[in-house]
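In: mind folding the following:
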Amino acid sequence: MDIDLSPITENWRFLLGGLGLTLLLSLLTLVGSAVAGVALALGRLYGPRALRWPIVFYIDSMRAVPVLVVLVWVYFAVPILTGIAAPPFWAALVALVMQLAAYVAEAVRAGIESVRPGQVRAGLALGMSRAQILRTILLPQALVRMLPAFGSILSITIKDTAIATVIAVPELMKRAETVAGQSYRPIEVYTVVMLAYFLILFPSTRAVDALYKRVAHLGRS
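Out: This next block holds a predicted model:
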């Protein structure tokens, strides 16, 4: 089989633009899911009892439903139900944040609950408020313990952006699909795309692991 990389060399700017959109979508998803996930975790742990069951139901529901289903529902069903239609990029962002926030919430909850209860009792004995204990005792240790889980969430986030091609978001996979269809060279095109994802994800996950090894002692209690 002959290898022809001309579709890549002729369309590299087009593909690079898709890669940039993939990274932008990943970054916004990470920020949005981190904020929403922390809020969900704190609401579940410290919120009123009436709020905890809806949060638990939301987290379990989002983890039980495939991200593709959430994406299609947000893009097609929400406009029908509400009359408000979002552009494909923003619909993909909302769907990804909705699902990944559930995973972030569980990572945050597990990190906080892994800190020994005796430290909370010691803080209360010293006259600290719950907010002070959370800010100065629990979160600093929990954040360190959550780093491996966040490394996995980072990897999942970047890979899940490829799902956005279903609603025609012009990210890397969508543009690769276009180039492959026009050039009839899917093997070369998708091999390069696979390599691009690898070159992004492998160093990122290794960097998170290296950071965890350096700061792991800060999370021990």
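In: for the nearest residue to residue 56 once chain neighbours are set aside, give its distance to residue 175.
Out: Counting by C-beta to C-beta, 6 or more residues apart in numbering, residue 44 is the residue found nearest to residue 56 once chain neighbours are left out, at 6.5 Å. (C-beta placed from N, C-alpha, C; glycine too.) For residue 44, the distance to residue 175 under the criterion C-beta to C-beta, to the nearest Å works out to 39 Å.
In: can you show me the helices along this structure?
Out: 6-10, 12-46, 49-64, 67-72, 78-82, 88-113, 117-125, 130-133, 139-160, 172-183, 186-215 (DSSP state H).
In: need the winner for burial among those.
Out: Across these, averaging neighbours per residue (mean count of other C-beta atoms under 10 Å) puts helix 88-113 on top, at a mean of 22.
In: next, the angle from that helix to helix 117-125.
Out: Note on geometry: by axes from the mean of the first three to the mean of the last three C-alpha atoms, to 10 degrees, helix 88-113 and helix 117-125 are set 80 degrees apart in direction.
In: from the chain's centroid, how far away is helix 88-113?
Out: Relative to the mean C-alpha coordinate of its chain, helix 88-113 is positioned 6 Å out (C-alpha atoms, centre = their mean, to the nearest Å).
In: check which helices and strands it sits against.
Out: helix 12-46, helix 49-64, helix 67-72, helix 139-160 (3 or more C-beta pairs under 8 Å, 6 or more residues apart in numbering; DSSP states H and E).
In: which one of those lies nearest to residue 198?
Out: helix 139-160 (10.8 Å; C-beta to C-beta).
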